[in-house]
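*Asks:* heads up, no residue letters with this:
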């Protein structure tokens, strides 16, 4: 199966994350948590504030995609995840959000954004977000009661980014590893010796 690394081409004006979508089936397979007052020791983070926290991007995680030519995987390196998170804020995109990548939402804002640096002391660990070091974690304030209730009931489960990225083929499904090539050559040589 082909494997493509998605990268940011800084020579292109539109590269990077343009919006965060609230989705029922996040491609990065990481659900967000609805922060509730009784779960959280922070006075400013409670159900009344409608705050959701979760992973926006996880480095090196294969994400399956399919098109008319078949299936393939994509991934983001740790460096691309960090750069995407920086450009997202630098470009002022924190209030751009959608529902299921189809419906533009108004009034939602990313109120926290950070790269997970530590397996033990990171804020994401406190809230039970299972994401590796290098992941981009965000907290989003949701203005729409209906959308927030969709998160509370599990109808929407996580974040999914929308953006423009260049791609770089890392592995082609037709490529053969060196050890496979060596074994194939040895098998041919043995076959030739048997025939002689």
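*Replies:* Everything's here; your move. Because the structure is a prediction, the values reported are computed rather than measured. Numbers count the residues shown, from 1 in each chain.

*Asks:* how far away is the residue lying closest to residue 95 once chain neighbours are set aside from residue 8?
*Replies:* Distance criterion C-beta to C-beta, 6 or more residues apart in numbering; nearest residue to residue 95, sequence neighbours excluded, is residue 109 at 4.9 Å. C-beta here means a position set from N, CA and C on the backbone, and glycine is covered the same way. In this structure, residue 109 and residue 8 are 23 Å apart, going by C-beta to C-beta, to the nearest Å.

*Asks:* which residues touch the residue nearest to residue 95?
*Replies:* Applying C-beta atoms under 8 Å, 6 or more residues apart in numbering, one finds that residue 109 lies in contact with 94-95, 140-141.

*Asks:* Closest one to residue 65 out of the residues you listed, please.
*Replies:* When those are ranked by distance to residue 65 (C-beta to C-beta), residue 140 comes first, at 24.6 Å.

*Asks:* these two touch, right, that closest one and residue 113?
*Replies:* No: counting by C-beta atoms under 8 Å, residue 140 does not reach residue 113; the two are 9.5 Å apart.

*Asks:* Name the residue in the two with the higher neighbour count.
*Replies:* Neighbours were counted for residue 140 and for residue 113 using other C-beta atoms under 10 Å; residue 140 has more, 24 against 17.

*Asks:* Can you tell me the element that one falls in?
*Replies:* According to DSSP states H and E, residue 140 maps onto strand 136-141.

*Asks:* Off-centre distance for that strand?
*Replies:* On the basis of C-alpha atoms, centre = their mean, to the nearest Å, strand 136-141 sits 12 Å off its chain's mean C-alpha point.

*Asks:* Please enumerate residues in contact with that strand?
*Replies:* With C-beta under 8 Å, 6+ apart, strand 136-141 has contacts from 20, 22, 35, 45, 49-58, 81-82, 84-85, 97, 108-116, 122-124, 129, 131, 159.

*Asks:* Could you tell me which of the residues you listed count as buried?
*Replies:* Buried positions within those, assessed by neighbour count (16 or more other C-beta atoms under 10 Å), are 20, 22, 35, 45, 49-58, 81-82, 84-85, 97, 108, 110, 113, 115-116, 122, 124, 129, 131, 159.
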